[in-house]
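Trainee: Predicted structure and sequence below. I'll ask about it afterward.
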Amino acid sequence: MIRPHQQNSIRSPALFLFVGLIDLVFFQPTAAAEKIRLGVPVIAVQYAPLFLGIREKIFSAEGLDVEVNVMRTDLAITALNTSSLDYIGHGGAGLRGASRGFPIRLIFALDDKAAFWLFTQADIRDAGMLKNKKIGVSFPGDTPHLILKRFLRRRGLDPETEVTYVAGQFSPIGFQGLVAGVLDGAVLAPPYTVLAEEKGFRILAFLGDEVPDAPTINGIVTSGKKIRSQPDQVKRMVRATFKSVQLYRQKADLATKFLAAEFNFAFPAAQRVYRQAAAMLRPDGEVTVEKIRDVLNLAKEAGQAEMRLDSPEKLLDFSFLQEVRREAAGAQKKPRP
């Protein structure tokens, strides 16, 4: 496997999450390319369209030299607002930072569902059997934990007293906890959903469908200052993201091979991971104001500072995306010479 180029590389302190992508191959951009710093919470499958776009030089074609940095959401929001980062991929979690007064905007939405599944040991057949059981979550108050609690409440359990949460169980660790038998259940994200299914663990629920009012909204977020000061760059970032998502959706074989190579999957597993991930992508890159309201309500549930919920549209700016889509539609209508 070819090692990453020095200029286009991923800086990740969380190697245990997705070791396979540390070898992600990026090409050297053109000499005139602008250095763009993108922050993401993890190197994960939900961001694969972006990584594929970088790999296929879509961002370079827009004059953007993308450097991917992995960091916690709170640090990423601060870095965004001090211009240490240009964009973040934290989506809904990033937007909840607006409750702290940061002027940030979602400019492209990759999805509008929570990409989490609840897996259990094979003998646990329904949610009622989770009473007094141990469930692995990333950490208390994080989005997967809050979504799980809503699911349990809707299935008739008291999520505060009738189950035990085991913190620190990010997907790879939670998967291993299921394998070792020390967990009765775990909230997992792709690709560990596919690996867990292969091991015979039970899919108790796809939380994205079971709790539709708790979306994660992975996507591209930037600052109001960036939009005002560098609108041309923002448009090129949005255009490259849009093209990357279209490539990922339309070239399933290319995307699947990419997943298999960069996440160290067997090809059949990569096919199943791709189907799961591609099904959640927003083809138009937009989400509704109601989904943003759901994100902000989740912030209140997490105990974050209360913010006004009467104007969630202020957290959205899809004007660049809408212009990009119009231009793309116009280009398709032009007759070929």
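Mentor: Perfect, thanks for sending it.
Trainee: going forward, measure contacts and count neighbours with C-alpha atoms only.
Mentor: OK.
Trainee: What sits closest to the residue nearest the centre of the chain if chain neighbours are left out?
Mentor: Closest to where the C-alpha atoms of the chain average out (CA atoms, centre = their mean) is residue 218, at 3.9 Å. Nearest residue to residue 218 in three dimensions, chain neighbours excluded: residue 91, at 4.2 Å (CA to CA, 6 or more residues apart in numbering).
Trainee: Do I have it right that that neighbour meets residue 104?
Mentor: No: under the criterion of CA atoms under 8 Å, residue 91 makes no contact with residue 104, lying 10.5 Å away.
Trainee: any shared contact partners between the two?
Mentor: By CA atoms under 8 Å, 6 or more residues apart in numbering, residue 91 and residue 104 have these common neighbours: residue 221.
Trainee: how far away is the residue nearest to residue 218 from residue 109?
Mentor: Going from residue 91 to residue 109 by CA to CA, to the nearest Å gives 7 Å.
Trainee: Next, show the common contact partners of the two.
Mentor: Common contacts of residue 91 and residue 109 (CA under 8 Å, 6+ apart): 217, 218, 219, 220.
Trainee: what sits against the third one?
Mentor: In this case it means residue 219. Each residue near residue 219 by CA under 8 Å, 6+ apart is listed here: 88, 89, 90, 91, 106, 107, 108, 109, 110, 111.
Trainee: after the helix or strand of the chain with the lowest mean pLDDT comes which helix or strand?
Mentor: Within the chain, no helix or strand scores below strand 10-11, which has a mean of 40 by mean pLDDT, DSSP states H and E. Next in sequence after strand 10-11, counting helices and strands by DSSP states H and E, comes strand 34-40.
Trainee: Tell me the neighbouring strands of that following strand, and mark each as parallel or antiparallel.
Mentor: The pairing partners recorded for strand 34-40 under DSSP bridges are strand 64-70 (parallel), strand 87-88 (parallel).
Trainee: For it, output the C-alpha coordinates as PDB.
Mentor: Taking Å, rounded to 0.1, in the frame of the first residue of the first chain, the C-alpha atoms of strand 34-40 are listed here in PDB:
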ATOM      1  CA  GLU A  34      -5.000  26.600  -1.300                       C
ATOM      2  CA  LYS A  35      -4.300  24.700   1.900                       C
ATOM      3  CA  ILE A  36      -7.700  23.800   3.500                       C
ATOM      4  CA  ARG A  37      -7.900  22.400   7.000                       C
ATOM      5  CA  LEU A  38     -10.800  20.100   7.600                       C
ATOM      6  CA  GLY A  39     -11.600  18.700  11.100                       C
ATOM      7  CA  VAL A  40     -13.500  15.500  11.600                       C
END
